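Chemist: Build the 3D model from these lines:
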Amino acid sequence: MRGIDGWSGMTLILGIDPGSRITGYGVVRDTGRHCEYVASGCIRTGDGALAERLQLVFRGVAQVIETYGPMTMGIEQVFMARNADSALKLGQARGAAIVAGAEAGLEISEYTATQVKQAVVGTGAAKKEQVQMMVMQLLKLVQKPQIDASDALAIALCHAHHRQSLIPHGLAGAKRRGGRLRL
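Modeler: The predicted model follows:
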């Protein structure tokens, strides 16, 4: 029996929490009824030149995709920070991760931090530690993942939630951007 993605009803989802120094990733299996933990971790880029760090983000995300074979990817949108330079670097790291996903042919959806917190905790004002605890509970983890990996798992769970809400409407293949559907 084939599921909505041409698979047997299970979808591997990659969540990415982008950063120019640490990019978190999380992979979950969406069974249609619940999500199961597959893997998580961090891509650390060190203190090199920005171009080198962006290359490491791209290569790291590409390696995660090659290793786990997700069909779809959720990534956090850039938020406006107090420091414009930090926001620009974050946006560039995000772009490197998106290109890695696009090169692999993944469907890519973007979510705000508020959407992720709302989907996982039930309130868009949740603290990082609350998100981490809910991720542990939802995925039945016995150890706390590092905060960047936890955020990435939360993004993957948010993506699974949004995909499930689209299935009854026949829109599972639609692209989401900024909360709006692109058909």
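
Chemist: Show me where the protein dips below the pLDDT cut-off.
Modeler: Across the chain, the ranges flagged by pLDDT under 70 are 1-9, 80-81, 165-183.

Chemist: So which residues of it form strands?
Modeler: Secondary structure of the chain, counting by DSSP state E: strands at 11-17, 22-30, 35-44, 72-76, 107-111, 175-177, 180-182.

Chemist: do you know which of the ones you listed lies nearest Thr123?
Modeler: strand 107-111 (15.2 Å; C-beta to C-beta). Yep, even glycine has a C-beta here, placed from its N, CA and C like the rest.

Chemist: now the angle from the closest one to strand 72-76?
Modeler: Relative orientation of strand 107-111 and strand 72-76, computed by axes from the mean of the first three to the mean of the last three C-alpha atoms, to 10 degrees: 20 degrees.

Chemist: How far away from the center of its chain is stretch 129-145?
Modeler: Centroid separation between stretch 129-145 and its chain, computed with C-alpha atoms, centre = their mean, to the nearest Å, is 15 Å.

Chemist: buried stuff in that stretch?
Modeler: Val131, Gln132, Met133, Met134, Val135, Met136, Leu138, Leu139, Leu141, Pro145 (16 or more other C-beta atoms under 10 Å).

Chemist: want to try CSV for these, with distance to Gly105 as columns?
Modeler: Below are the buried residues of stretch 129-145 laid out as CSV (distance: C-beta to C-beta, whole Å):
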residue, distance to Gly105
Val131, 29
Gln132, 31
Met133, 34
Met134, 31
Val135, 27
Met136, 31
Leu138, 28
Leu139, 26
Leu141, 29
Pro145, 27
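
Chemist: Helices - which of the residues you listed land there?
Modeler: The helices, defined by DSSP state H, take in Val131, Gln132, Met133, Met134, Val135, Met136, Leu138 from the buried residues of stretch 129-145.

Chemist: mind listing what the last one touches?
Modeler: With C-beta atoms under 8 Å, 6 or more residues apart in numbering as the criterion, the residues that contact Leu138 are Cys35, Val120, Leu157.

Chemist: which among the ones in helices among the buried residues of stretch 129-145 gets closest to Thr31?
Modeler: Nearest to Thr31 among these, counting by C-beta to C-beta, is Leu138 at 12.9 Å.

Chemist: Please report the distance of Val120 from Lys128.
Modeler: As judged by C-beta to C-beta, to the nearest Å, Val120 and Lys128 stand 11 Å apart.

Chemist: What residues of stretch 96-113 count as buried?
Modeler: Buried residues in stretch 96-113 (16+ other C-beta under 10 Å): 96-101, 104, 106-113.

Chemist: Enumerate residues external to it that contact any of its residues.
Modeler: Contacts of stretch 96-113 (C-beta under 8 Å, 6+ apart): 14, 16, 18, 23, 54-55, 57-59, 61-62, 65-66, 70-77, 79, 119, 124, 155, 158-159, 162, 173, 175-179.
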